[in-house]
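Student: sequence isn't available, so here's the structure alone:
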């Protein structure tokens, strides 16, 4: 896939998204929103897919769960992958399912050897069923968990080594986690091996009610500090498919495309340097 | 170790919390509440945002999602609403919710071509002809004028709503891309009920005509077929 900038697809923007003339524009959707049997939502995605490259981003596989992935959920993801043939498929380093209950969130996991083995096994199972490699996204952090045996960057790199998966680096999640837990986001990004990175996410964040913690809320424009981290990151690792994510306070499509253009400029700058 | 950590974490999410745990708790709860609001938009209008938030949060804590596909979350919300002690104040609420659930089911049902009248017109073996309902066809009979209330809220014409307190039928079909709501009368309900049970078209027609002798069965059948109520690949005769 050409390492261009894409936008999270929203049904509200369907007509404008299809009409957008931007070269190499691509779209990403949450896989779970399309895990239905039929109807207009899937038909809409068919139309989008016929015009533009597509990325399927899962939020419900619970890869960091203590058990193998749910067979029904994995089968539904497989159906989507087979039908839409996405250029990119990704999931999260998180858990969201326990004892028959699902949590609409990406919950944190202590980076232990046990968790590493479980995640590697679960990622392997998903990749085996899909018949392709996937990318794993770094989560945002709010809570300093005890019991970590690995740094996050080493843990991600080791997962990639064991399973052949790629990494989806969410720069906003890095900035949010760095603020909330007190680490250096630039050093974090510096520690990620360039060759493992297959996609980058950019999104906006907000402050919590007490004004102390940043929340990965996806309801605002990408912040300036995240843009700086991103531009430095791309300058180092080279151009990668980059997504502007927005889920809440959805702005007009043109505003998302303006943000997308800023990412596109950084990617083209990096490609020009490399040439 | 991992499993124990996750069970403790899940239990902590279930309790009111401060700081970081409150972020996880709020995200989980608002994810469920937002999903119920998306799936039951007219119920949310009828209750008002504040009341709906409270009702949906209570429901979500009692019956959290069992699958990560939130577009299908809340299947038993209508039944649960009916069991609530305050339900008597809005007696049509659970039936409006039932229509909204049928709408979700119709919206996301499998794609299939609907039966067209041309497929069956000119036949004379109605006693042998069996039809299958289209996968997106949903219908029900409601004791309150819930269909009128639901339609008025969808169309934004609540101000013009003049309710007559009577039972109503609902029919949802998907002849093209979108769900098409129609009112169903008692005869139409009896006819579709028969088809769903596996009666032949002729048997369902005779039973319907027996109960509702004023009904023009031919035009009833045509209107149901034109609405896309039947699946194309279903017409087969009993040998």
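Tutor: Sure, I can see it. Note that the structure is a prediction, hence the values are computed from the model and not measured.

Student: and the spatially most central residue of chain B, how close does it get to residue B:96?
Tutor: For chain B, the residue nearest the mean C-alpha position is residue B:102 (1.0 Å; Cα atoms, centre = their mean). In this view, residue B:102 and residue B:96 are 11 Å apart by Cβ to Cβ, to the nearest Å. Just so you know, the C-beta spots here come from the backbone N, C-alpha and C atoms, and that holds for glycine as well.

Student: related to what we said a few turns ago, dump the residue contacts of the residue nearest to the centre of chain B.
Tutor: B:138-140, B:170, B:172 (Cβ atoms under 8 Å, 6 or more residues apart in numbering or on different chains).

Student: would you agree residue A:36 falls within a helix?
Tutor: No. Counting by DSSP: H, G, I helix; E, B strand; the rest coil, residue A:36 is not part of a helix but coil.

Student: quick check: it touching residue A:42?
Tutor: Yes. With contacts counted by Cβ atoms under 8 Å, residue A:36 reaches residue A:42, the gap being 6.7 Å.

Student: longest helix of the chain, counting residues only.
Tutor: I'll assume chain A. helix A:253-274 (DSSP state H).

Student: the chain in question should be chain B.
Tutor: Max-length helix for chain B by DSSP H is helix B:19-39.

Student: how far off centre is that one?
Tutor: 25 Å (Cα atoms, centre = their mean, to the nearest Å).

Student: average pLDDT for it, rounded please.
Tutor: For helix B:19-39, mean pLDDT is 96.

Student: can you pull the buried residues of stretch B:101-117?
Tutor: For stretch B:101-117, a neighbour-count test (16 or more other Cβ atoms under 10 Å in any protein chain shown) marks B:101-109, B:112, B:114-115 as buried.

Student: what does the stretch 151-275 of chain A have sitting close to chain B?
Tutor: Counting by Cβ under 8 Å from any Cβ of the partner chain, the stretch 151-275 of chain A comes close to chain B at A:180, A:208, A:210, A:212-213, A:215.

Student: which of those residues has the weakest pLDDT?
Tutor: Ranking these by pLDDT, residue A:210 lands last with 86.

Student: skipping its backbone neighbours, what lies nearest that residue in space?
Tutor: residue B:19 (7.6 Å; Cβ to Cβ, 6 or more residues apart in numbering or on different chains).

Student: the one you found: neighbouring residues, count only.
Tutor: Using other Cβ atoms under 10 Å in any protein chain shown, residue B:19 has 13 other residues around it.

Student: just give me how far the strand or helix carrying residue B:223 sits from the chain centre.
Tutor: Using DSSP states H and E, residue B:223 maps to helix B:217-226. In terms of Cα atoms, centre = their mean, the centre of helix B:217-226 is found 22 Å from the chain centre.

Student: and that helix, what does it pack against?
Tutor: helix B:117-120, helix B:186-197, helix B:201-211 (3 or more Cβ pairs under 8 Å, 6 or more residues apart in numbering or on different chains; DSSP states H and E).

Student: can you name the next helix or strand after the first one?
Tutor: The element immediately downstream of helix B:117-120 (helix or strand, assigned by DSSP H and E) is strand B:129-130.

Student: that following strand: partners in the sheet, and parallel or antiparallel?
Tutor: strand B:236-237 (antiparallel) (DSSP bridges).

Student: so what's the model's average confidence on the partner strand?
Tutor: 58.

Student: what's the spacing between residue B:75 and residue A:98?
Tutor: Residue B:75 sits at a distance of 21 Å from residue A:98 (criterion: Cβ to Cβ).

Student: more neighbours: which of those two?
Tutor: Per other Cβ under 10 Å, whichever of residue B:75 and residue A:98 has more neighbours is residue A:98, with 18 against 13.

Student: check contacts around that one.
Tutor: A:62, A:65-66, B:6-7, B:10.

Student: could you do residue B:207 as well?
Tutor: Applying Cβ under 8 Å, 6+ apart, the residues near residue B:207 are B:190, B:194, B:199.

Student: ok but the last one is inside a helix, no?
Tutor: No. Secondary structure of residue B:199 (three-state DSSP): coil, not part of a helix.

Student: which residues of chain B lie near chain A?
Tutor: Close to chain A, as judged by Cβ under 8 Å from any Cβ, chain B has residues B:1-3, B:5-7, B:9-10, B:13, B:19-24, B:27-28, B:31-32, B:35, B:64-72, B:107-112, B:135-136, B:174, B:177-178.

Student: repeat the analysis, applying 6 Å as the threshold.
Tutor: Selection of chain B residues close to chain A by Cβ under 6 Å from any Cβ of the partner chain yields B:1-3, B:6, B:10, B:20, B:23, B:27-28, B:31, B:64-65, B:67-69, B:107-111, B:177-178.

Student: what subset of those is buried?
Tutor: Applying 16+ other Cβ under 10 Å to these flags B:2, B:6, B:10, B:20, B:23, B:27-28, B:31, B:64-65, B:67-69, B:107-109 as buried.

Student: tell me where the model's unsure across chain B.
Tutor: B:234-239 (pLDDT under 70).

Student: if you could redo that for chain A, that was the one I meant.
Tutor: For chain A, no range has pLDDT under 70.

Student: where along it do the strands fall?
Tutor: With DSSP state E applied, chain A shows strands at A:5-8, A:26-30, A:54-57, A:88-92, A:95-98, A:101-107, A:135-137, A:166-170, A:197-202, A:206-207, A:214-215, A:242-244, listed in chain order.

Student: the second one: which residues count as buried?
Tutor: Of the residues in strand A:26-30, those buried under the neighbour-count criterion (16+ other Cβ under 10 Å) are A:26-30.

Student: among those residues, which two are most distant?
Tutor: Maximum pairwise distance among the buried residues of strand A:26-30 (Cβ to Cβ): 15.1 Å, between A:26 and A:30.

Student: residue contacts, residue 39?
Tutor: Reading this off chain A. By Cβ atoms under 6 Å, 6 or more residues apart in numbering or on different chains, residue A:39 lies in contact with B:107-108.

Student: think we crossed wires, I meant chain B
Tutor: Per Cβ under 6 Å, 6+ apart, neighbours of residue B:39: B:74, B:104.

Student: quickly note the distance from it to chain A.
Tutor: From residue B:39 across to chain A, the span is 12 Å (Cβ to the nearest Cβ, to the nearest Å).
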